[in-house]
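Chemist: Turn this into a structure:
(chains A and B)
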2 protein chains.
Amino acid sequence: MSTELKTSPVVVDTANSPAARLRPVPLNAVELSDTFLEPRRRINRDQTIPSQYRHIEDTGRMDNIRRAAGKKKVDFKGWHFNDSDIHKWLEAAAWDLASHPSPELVELIDRVGVEIADMQQPDGYLHSYFTFEREPERWTNTRFMHELYVAGHFIQAAVAHYRASGDTRLLNVARRLADHICDTFGPAEAGKKAEADGHPEVEMALVELYRATGERKYLDEASFFVEVRRGMGRMNGAEYELKPYREYDRMVGHAVCAVYLAAGVTDVALETGDQTLVAALERLWDHMVTKQLYVTGGIGSRYENEMFGKDYELPSDRAYTETCAAIGNVMWNHRMLALDGQARYADLLEHTLYNAVLPGLSLDGQLYFYQNPLADDGTHRRQEWFGCACCPPNVARLLAQLPGYFYSSDSDRLYVNLYAEGKLDWSLEGQPVRLTTNTRYPWDGDIAITVESAGNFELNLRIPAWCEGVIGLEVAGEQYHGQLVPGTYASIRRDWQAGDTVRLHLPMAVRRLEAHPYSLETWGRVAFMRGPLLYCFEQTDNPGLDLRDLVVPEGTVFAAEFEPDLLNGVVTLRGQAKVAAPGPGWQDRLYRPLTTAVESAQPQTVELKAVPYYAWANREPGQMLIWLRAR
Amino acid sequence: MSTELKTSPVVVDTANSPAARLRPVPLNAVELSDTFLEPRRRINRDQTIPSQYRHIEDTGRMDNIRRAAGKKKVDFKGWHFNDSDIHKWLEAAAWDLASHPSPELVELIDRVGVEIADMQQPDGYLHSYFTFEREPERWTNTRFMHELYVAGHFIQAAVAHYRASGDTRLLNVARRLADHICDTFGPAEAGKKAEADGHPEVEMALVELYRATGERKYLDEASFFVEVRRGMGRMNGAEYELKPYREYDRMVGHAVCAVYLAAGVTDVALETGDQTLVAALERLWDHMVTKQLYVTGGIGSRYENEMFGKDYELPSDRAYTETCAAIGNVMWNHRMLALDGQARYADLLEHTLYNAVLPGLSLDGQLYFYQNPLADDGTHRRQEWFGCACCPPNVARLLAQLPGYFYSSDSDRLYVNLYAEGKLDWSLEGQPVRLTTNTRYPWDGDIAITVESAGNFELNLRIPAWCEGVIGLEVAGEQYHGQLVPGTYASIRRDWQAGDTVRLHLPMAVRRLEAHPYSLETWGRVAFMRGPLLYCFEQTDNPGLDLRDLVVPEGTVFAAEFEPDLLNGVVTLRGQAKVAAPGPGWQDRLYRPLTTAVESAQPQTVELKAVPYYAWANREPGQMLIWLRAR
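Modeler: Prediction:
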């Protein structure tokens, strides 16, 4: 398909961004054939995208659009921002087309696209809620009504559709909408509204529209929104000083808002090269990663206002960690990676994708988590849909985009950000680059990349930050002599011969993690990872045990084993723990005199089994726990 | 004053309740002269009640009433339930009169009472919000508009005013209001609204009005509300099955609602003797105390919906623990104590009063906490007032009622529930009982009670559940020969001679507590108590330390010392701890490979000082912590 397109389906188009260190590799240049991600993408295509469209119809979201176009006499149904779910679904469908052309999907996209276009007002306005009797309310409450957020999602969908299909129809609708936004919002001196939306989103969208069209005013408008904003979006708690972006030292408020804004600011910085914005972004990233990040990669710990908590406030059972916030974090890290090429962003991108985004979707692709707790008593289960259904189509569009995250380039340098069995068919400075990757990653750390096209270029392989132990790298049969530093890219430049194979060995021992002592709920506990995957313990694998009672003694070794028939094939971990159930001294009391006496002289030793956290809650309900006691 | 009154200022009048084990002792029979509670009551009288009235005026609450009476043309201001703050203030003022007759306060009460009475509608309805254009909305949204809640607070105020003054004017207003409620709410078969209010409160009020008037239908109406209700009040989360009261095994939802309802159900049970309700109440109490209670006595751990969390969900910094919920818990335990006379209810009443209610009010009586966290970084400070100002007048009415909680009786048995320097002048079955108590409690465990009036009666002294060690009891110079069991009353029956002194010694060693292992944030930590008081560590007493780093080694002894000039005179605790600051291995990371290596070979030993938790945040802002690390 790529040969037929004049457009290129790149997820974030930094090909010409002045401040970008890395350029994108389009998703249709990448073919995944692995057994971990690609089956999820197939389910996304066959189950998730179609079933989401049914939910969109069944819940009146399409009828809201038809009502606004004057085609259907119904009441507006649901949340005033519900159009955004259609737009995100449309974006998901468009990206999917880029990997997998489908006449049926083209037809559905066209039909939905026409329905959306039909409700566009003469001035370019496009939002089904603010029509007819509510037209006078347009743009009157930018803090709470999310009109620019909804507009941003349409613009992103239109850009995706254009890049994936070359079709300019939706792009033109988006331009008229963006022109209207540019006419409406801007400096007060120009007689415009000098306000930003309560929910950031349009910043990313306008920059991407600028990239797709070359129309500079869209970038300027995005910059304007960044500059005019005080705060990071909706902060109902009003606990925070609202100040300019450059003055923040930490992410605050509503997590999805904060991380969407960070992604949008990064987009602006990619185009303008504004180093004061870059400095703020790096400061915020550092703070988030060292004080606000769950071990899953999830962000936003509070249920109230779906917000970031204080530093180290990372409860497990009550983790909010919205799926959309994790997706926003993937989006932000993808942009930060483009900005400066540091592997740490790809590390967090992978970690978040596997351990915070994928848990949001059931293995059958039909049920969703909005919140992603790190511990549960069996009551938190995925749902078919939500009244506020932001998360489901967000997961769908990310899965559809996925191949677009695998590689980046910088002149004749290729960067391998993620690993999976598959092929790359791309070019660097006009020189074809074809690679074949053979690996069972993430189940196994052996990755063989065969260069199928002769030529001189630099191959940069991400050495994940999680590596502990001996990393191996062999290039065409010879050992690599450079440094192999976890959390950086290993660079290999040579005159490649077709058939040269690079063999990377990433050590996949089971790793035991502890959390910072100020993180009160996890202090003194242990979590397990293997490779990029975080593990959890589920009741169903550990029958008869109360998971809260398990203590993993020092030095316990957990062994990994691939179980092909479990949860679509996973590596499980097995090991032993002691059972330290609260003794009889805890009968009927919540507090007691401090005692150091051992209550059970001979604690029982039991066998445990852990499964990857992304696969939890796909079987019968029961306890789930990531952090076991370490003492 | 007691001799002039035909009415008796008892807080909850179980004098004739068929199912009550204990009878009340009116608050004007008790004179407190201690240096712990009585100064707070004096400040309540001199500062809190007057300043609250100013806030009530300044925020338009009185004008809302005047508007409703047609006296003032203003817009309704604030929350639709704001009348309840006036009513609770009125109740506080009325109870205060019973201890301390004041012509000025009588005049103010009369004036406010007349203003409220003036807005009563011809049919008895009394709520300023639902007047004029909103009159048609009356009783149309019982779940959210809190009309019965507001009505309940007025009825309680009127009953208090009547009992404290003998004046029937407000009581008659309350009767007309209650008659209107009885006409409006009842069985559907009778053509009435078969609904209960989203916020329980009116149940208690109607039972008390029944007790004050003898009008049976008010009790029946309270019973009706208990029977018709599904759930425990507002549960915005809709996470709970809404079911009849008798089917609950635990407190759920909004904590203040749940505990006000429990108090109201107890009132109904006191009058009806319904043992199925009693069984439910005992089950709920047991569960709450063993799974949902903070070490402070506070309840309701979640910010979202101000609600109970799951079992053992008791975060410290994010504890919600609304002051009103603690007050509701005092009210409930007071009623449970009347119901079956078990000391455990008096134990929790005292504990909650000292450690969960008193922290809600600044020492100067002018600033209030709505939430009462168990840890803070210096940002949580008391406020002058709130938009939703339920807590301030609730504290004021409890302090005004306080002497009414000290004693109970059962024929010729007297129960001493709380201890403080002061006098009792009361009678049992016509026989005068006069006691003088000399003690420095809660700072000291020696309590001398001198019987000033000869006679034969049983004196029951509460032996607090917190006692550890040797309890002493001497009666008129002779050692007591009965059992002294913490958490029960010790009974002394004899022919008392005037001047007989009972000397009770409660051991006041510093106690170290640990929390149940399932309470994740407090597991492995230690909290300090001495006598009935919980302690905390504040930055200002421990300069230069990060309180999160302190580890209290096994066997550390904390010493108590009275400091007369600190915080109006408190016993402080002093001891040593080790400083275990996160080592360099924690630099810039939130998670790391589990290590058991000791990072600091020689941890520094430092001197610590703790103050009673009720007195925290009365000095310069800084860290506060109750639970220190125990390892």
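Chemist: what helix or strand is the residue positioned nearest the centre of chain A on?
Modeler: Nearest to the mean C-alpha position of chain A, by C-alpha atoms, centre = their mean, lies A:I327 at 2.6 Å. Assigned by DSSP states H and E, A:I327 belongs to helix A:323-340.
Chemist: Okay, helices next: where are they in the stretch 151-300 of chain A?
Modeler: A:169-184, A:202-213, A:216-228, A:255-272, A:275-287 (DSSP state H, counting those that start in this stretch).
Chemist: so does the longest one get close to chain B?
Modeler: To tie it back to what came earlier, the one meant is helix A:255-272. No: against chain B, helix A:255-272 shows no contacts by C-beta under 8 Å from any C-beta of the partner chain, the least distance being 15.0 Å. For glycine as for every other residue, the C-beta is placed from the backbone atoms N, C-alpha and C.
Chemist: what's that helix packed up against?
Modeler: Packing partners of helix A:255-272 (3 or more C-beta pairs under 8 Å, 6 or more residues apart in numbering or on different chains; DSSP states H and E): helix A:202-213, helix A:216-228, helix A:275-287, helix A:323-340.
Chemist: and of those, who's closest to chain B?
Modeler: Comparing these against chain B with C-beta to the nearest C-beta, the closest turns out to be helix A:275-287 (7.5 Å).
Chemist: for the closest one, the distance to its chain's centre please.
Modeler: In this view, helix A:275-287 has its centroid 20 Å away from the chain centroid, taken as C-alpha atoms, centre = their mean, to the nearest Å.
Chemist: Next, the angle helix A:323-340 makes with that helix.
Modeler: For helix A:275-287 and helix A:323-340, the angle between their directions (axes from the mean of the first three to the mean of the last three C-alpha atoms, to 10 degrees) works out to 130 degrees.
Chemist: who are the neighbours in contact with A:A389?
Modeler: The contact partners of A:A389, taken as C-beta atoms under 8 Å, 6 or more residues apart in numbering or on different chains, are A:55, A:59, A:82, A:85.
Chemist: Can you name the two of these that sit furthest apart?
Modeler: The distance between the two most remote of the contacts of A:A389 (C-beta to C-beta) is 11.2 Å, for A:H55 and A:N82.
Chemist: Neighbour count: those two, which is higher?
Modeler: Ranked by neighbour count (other C-beta atoms under 10 Å in any protein chain shown), A:H55 and A:N82 place A:N82 first, with 23 against 18.
Chemist: residues making contact with stretch A:429-443?
Modeler: A:34-36, A:354, A:411-412, A:414, A:419-427, A:446-453, A:455-457, A:506, A:531-533, A:562, A:570-571.
Chemist: From the residues you listed, list just the buried residues.
Modeler: Neighbour-count burial (16 or more other C-beta atoms under 10 Å in any protein chain shown) is assigned, among the contacts of stretch A:429-443, to A:34, A:36, A:354, A:414, A:419-426, A:447, A:449-453, A:455, A:457, A:506, A:531-533, A:570-571.
Chemist: Might you specify the subset of those residues located within strands?
Modeler: Those of the buried ones among the contacts of stretch A:429-443 mapping onto strands are A:414, A:422-426, A:447, A:449-451, A:455, A:457, A:533, A:570-571, per DSSP state E.
Chemist: Where does pLDDT dip in chain A?
Modeler: For chain A, the stretches with pLDDT under 70 are A:1-5, A:235-240, A:596-601.
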